[in-house]
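Asks: Any chance you could fold what I've pasted below:
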Amino acid sequence: MRSSISRVAVIGCLLAAGLAAGCGKKAATAAAPAAAQRQPVEVTNISRRDLVESLSLVGSLAANESAQLRAEISGQVRSVQFQEGGHVTKDQVLVKIDDAELRAQLAQAEAAFHLAEMNLRRSENLTEARSMSQAEADRVRSEHASASAAQNLLRVRVAKTEIKAPFDGVVGARTISPGDYITAATVITTLDDLSRLKIDFQVPERFTSKVKAGTTFTVRAQTPAGEARAKGEVYFTSSVIDRGTRSSQVKGYVTENPTGFQPGMFAGIEVVLEVHRGVLTVPEGAILTTGSGPQLIIVRDQGADKVADFVPVTLGLRERGLVEVTPVAPATLSEDLSVVASGVGALVLYPGIKLEPRPLRTEFRLGN
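Replies: Residues are numbered from 1 along each chain as shown. Predicted coordinates:
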């Protein structure tokens, strides 16, 4: 009897324990949907700001004007009238070549021209008196014109014995001294106009349509005092694409001339390609790419709940992790709306799902 009672008691205890466990599982299963009704998401507000599309390139600084000075005629240097590294003005005489022989020839030509003038006046008087044939009068006029041309030619050659500065600038090192014999191939010195600087760089072909005269850029170069920056503006774009580099030559003026910039220096260039002002922007992580195009997941109020609303958008400029967005349907986006900004594409989200918005973590915030 006692053994039968013991078996009944044990079975009763096991049934009680089983029922208790079953009730616990049902309670947990009932509580699970309640906890999963809201999807935690990190959100941020849509912001309105200016976006700039820029391009980083490299280039070389150059003088506004640069020339190698040479003589147009050969001769012996009589004097050098400039200081190396000094500033000179336009038409200032820099070098004088010996012109004694040319001046003697000029004196001879002037005498011949004076005689030709007297012969011309005499022939005109005789022609009026009908004492000279027309052929003889024409010969005298031709001799007068020839003598005048010979005189002018020698004056030009004498003037070329003075080598003058073609523009204001700074002269470089000289390669000659008084007494040297120079020819048209002899480089006397260089002359650079440093009143403003130019910069020459190459733009890849896919960006050439956005770079034109008036496009602005920033120049950065390392100087003895550290990195210096200056503003610039494009004044020339080549009409052809180089086959070797698939890029186009562009030149610009440096509108500011900070201390330390020199012709020939290597420089970094930041070209402003396009500026969109006051556009709606979101972090790039907020863009959901679908088969029908990019979308944003907007957090909207539905009674006491926050629900997901999928809004199709078109994308524009991108800058430092931000992207310009334009709604496909008008009046569906504004600055006061919150957008899911983290985990898009990895979370299970669908239109109308209830959300539990949380502020975007500080390390993921952009554009602040």
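
Asks: Spatially nearest residue to V140 (excluding sequence neighbours)?
Replies: Nearest in space to V140, with sequence neighbours left out and distances taken as Cβ to Cβ, 6 or more residues apart in numbering, is S123 at 4.1 Å. Quick note: C-beta positions are derived from backbone N, CA and C, even for glycine.

Asks: likewise L102?
Replies: Among residues not flanking L102 along the chain, V158 sits closest, at 4.9 Å (Cβ to Cβ, 6+ apart).

Asks: Using the three-state scheme, assign A116.
Replies: Using DSSP: H, G, I helix; E, B strand; the rest coil, the structure places A116 in helix.

Asks: Could you chop the protein up by domain?
Replies: Listed domain ranges for the chain are 38-54+279-364, 72-97+164-185, 99-160, 194-276 (source: automatic domain parsing).

Asks: Any idea which of the ones you listed gets closest to S60?
Replies: With respect to S60, and counting by Cβ to Cβ, the nearest of those is domain 194-276 at 5.6 Å.

Asks: check contacts around the residue nearest to V140.
Replies: Contact analysis of S123 by Cβ atoms under 8 Å, 6 or more residues apart in numbering lists M132, E136, A137, V140, R141.

Asks: Repeat the analysis, applying 7 Å as the threshold.
Replies: Applying Cβ atoms under 7 Å, 6 or more residues apart in numbering to S123 gives the contacts M132, A137, V140.

Asks: same check, this time on P294
Replies: P294 neighbours (Cβ under 7 Å, 6+ apart): I287, L288, V313, L315.

Asks: Surely the third one touches V328?
Replies: Yes: under the contact definition of Cβ atoms under 7 Å, V313 touches V328, with a separation of 6.3 Å.

Asks: Those two: who's more crowded?
Replies: Neighbours around V313 and V328, counted as other Cβ atoms under 10 Å, are more numerous at V313. The numbers are 23 against 14.

Asks: How about the more buried one: which residues does it bridge to?
Replies: P327 (DSSP bridges).

Asks: Please shift the residue numbers so they start at 55 in all later answers.
Replies: Okay, using 55 as the starting number, the last item reads as V367.

Asks: what's the distance between it and P381?
Replies: From V367 across to P381, the span is 6 Å (Cβ to Cβ, to the nearest Å).

Asks: Report how many residues lie close to the closest residue to T299 other than its chain neighbours.
Replies: If you skip the residues right next to it in sequence, T299 has Q256 as its closest partner in space, 6.1 Å away by Cβ to Cβ, 6+ apart. The number of residues packed around Q256, counting by other Cβ under 10 Å, is 16.

Asks: Name the residues of stretch 273-283 that come out as buried.
Replies: In terms of neighbour count (16 or more other Cβ atoms under 10 Å), stretch 273-283 has its buried residues at V273, A275, A282.

Asks: returning to that earlier point: now, which of the contacts of P348 sits nearest G139?
Replies: Of all the contacts of P348, the one with the least separation from G139 (Cβ to Cβ) is L369, at 55.3 Å.

Asks: Let me see the contact set for the closest one.
Replies: In this structure, L369 makes contact with P348, V377, E378, V379, judged by Cβ under 7 Å, 6+ apart.

Asks: And for G286?
Replies: The contact partners of G286, by Cβ under 7 Å, 6+ apart, come to I253, F271, V273, G306, Y307, V308, T309.

Asks: tell me which strands and helices the lengthiest strand in the chain is in contact with?
Replies: Identified as the longest strand of the chain according to DSSP state E is strand 101-124. Under the contact definition 3 or more Cβ pairs under 7 Å, 6 or more residues apart in numbering; DSSP states H and E, strand 101-124 sits against strand 241-258, strand 320-337, strand 359-373.

Asks: okay, the shortest one in CSV with CA atoms only?
Replies: Extracted in CSV, the C-alpha atoms of strand 359-373 (Å, rounded to 0.1, in the frame of the first residue of the first chain):
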residue,chain,number,x,y,z
ASP,A,359,3.4,55.6,-32.1
LYS,A,360,6.3,56.3,-34.4
VAL,A,361,6.1,54.5,-37.7
ALA,A,362,8.4,54.1,-40.7
ASP,A,363,7.4,55.9,-44.0
PHE,A,364,9.5,55.1,-47.1
VAL,A,365,10.0,58.1,-49.3
PRO,A,366,11.6,57.8,-52.8
VAL,A,367,14.3,60.5,-53.5
THR,A,368,16.9,61.5,-56.1
LEU,A,369,20.5,62.0,-55.0
GLY,A,370,22.6,65.0,-55.8
LEU,A,371,26.0,66.3,-54.6
ARG,A,372,28.0,64.4,-51.9
GLU,A,373,30.4,66.0,-49.5
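
Asks: what comes up buried for it?
Replies: K360, V361, A362, D363, V365, V367, G370, L371, E373.
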